Structures are given as structure tokens and as C-alpha cells.
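Visitor: Got a sequence here, can you build the structure:
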Amino acid sequence: MPPSFVSGSHSGGSSPSSAAHREAAPRSIRCAVLTVSDTRTPETDTSGRMIRELLDLSGHEIIARDIVPDDPARIRETLAGWIADSTIQAILSNGGTGIAARDTTYDAIVGLLDKRIDGFGELFRMLSYNEIGASAMLSRAIAGVAGGKVIIAMPGSSNAVNLAMTKLVLPELGHLVFEVGK
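Guide: Sure thing, here's the model as predicted:
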């Protein structure tokens, strides 16, 4: 398994306290994966499948998964059920984070958050800029905490999911859950 996929691994220096937090963080997180799309099916959901495969390769557990249309009420209903589920620690979604009229994931999620993790979206757009240029500003990728659960919303493209998962989500998922649980 590549080191970038291991929960708790990271690049760059870290303070002794952040290193201790990573050591104390759980190695396996119980996750739910949501794909938001008007067109994807279980057979064509390549981004959702990628999230699940990367989580599995990193030793995390998939507790729930679903595909819902880009409809704010359906997104909120699914998320609310998962937020209430005591077995789920983190919710990862893909799709619906752009600025088109049907892109409503951001709007549905932001209203549920108790706290935002603004650094996720900022770092995602910075990393995306290096790959796709100025159109990275169109992404409304977001992360936060709702009901004691980490929620991360990524764009629907497989390239964007791969970038977010390998560079941001997997290296910090255990640490995020640890911090939320303190």
C-alpha cells in the first residue's frame, strides 16, 4: 500500500503535539459514502467506487453507501440519517459541488454543519489549481463537522476525488475523527 494512502501519514514537518495526535488517532474509521448525481448508477459510479476502494485499501470500514439525485432535500435526508447513526464516524460525498444550477451538495451540507473545516476546500482548490488552472475556483468542495461526524464533500470527477482522497482525506482522516471526538 502506498504510504500516501495510510491514515495518519503526511508530508512535511509537524510539531511534537500534532505527531502525538496522529499517533493517538484511530487507524480505522467507520465511513459512509454518498454519491450525488442525477445520472450515475451503482454500475457507473466510478468516483464513489474509487472513494470506497481507497478507504478499504487504507484499512477503513464502509458502513453505508448511497447514490441520490442532486436534490437538496434528498441529500439532507440521507445525511441526517447518517449523522444520527452512532456507528458512522465520517461521511464522504462526491458530486454536486460546482456552480451549475443542479449543483446543490454544498448548499445542502453547509446548513447541517456545526463547524466548518475551511482548510479542506482551500487546500483542495490550491492543489486543483496546480492541475487544472483557474477553473479550480469553480469548486465548492467543503468539509466540516455535524453531530460529531466529519463530513467531506468532493467534486464528482474521478481526478478530483483521487486528488482529494490521496492528498487530503486519507492522510488526515483518523486525525480529523480524533480531534472531533475530543
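Visitor: alpha carbons only for contacts and neighbour counts from here, please
Guide: Fine.
Visitor: and the gap between the residue nearest the centre of the chain and residue 26?
Guide: In the chain, the C-alpha closest to the average C-alpha coordinate belongs to residue 152, at a distance of 3.0 Å (Cα atoms, centre = their mean). The gap separating residue 152 from residue 26 is 18 Å, by Cα to Cα, to the nearest Å.
Visitor: re the thing from before, was I right about the residue nearest to the centre of the chain contacting residue 95?
Guide: No: counting by Cα atoms under 8 Å, residue 152 sits too far from residue 95 to count as a contact (11.2 Å).
Visitor: intersection of neighbour lists for those two?
Guide: By Cα atoms under 8 Å, 6 or more residues apart in numbering, residue 152 and residue 95 have no common neighbours.
Visitor: how about low-confidence regions in this structure?
Guide: Along the chain, segments meeting pLDDT under 70 span 1-18, 20-22.
Visitor: mind listing the strands for it?
Guide: Under the criterion DSSP state E, the chain carries strands at the ranges 30-36, 61-68, 90-94, 115-116, 142-146, 149-154.
Visitor: Mind putting those into CSV with distance to residue 42?
Guide: What follows is the strands of the chain, written out as CSV (distance: least, Cα to Cα, whole Å):
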stretch, distance to residue 42
strand 30-36, 10
strand 61-68, 8
strand 90-94, 14
strand 115-116, 30
strand 142-146, 24
strand 149-154, 18
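Visitor: Nearest to residue 165, out of the ones you listed?
Guide: strand 149-154 (8.9 Å; Cα to Cα).
Visitor: contacting residues around residue 108?
Guide: With the criterion set at Cα under 8 Å, 6+ apart, residue 108 makes contact with 72-73, 75-76.
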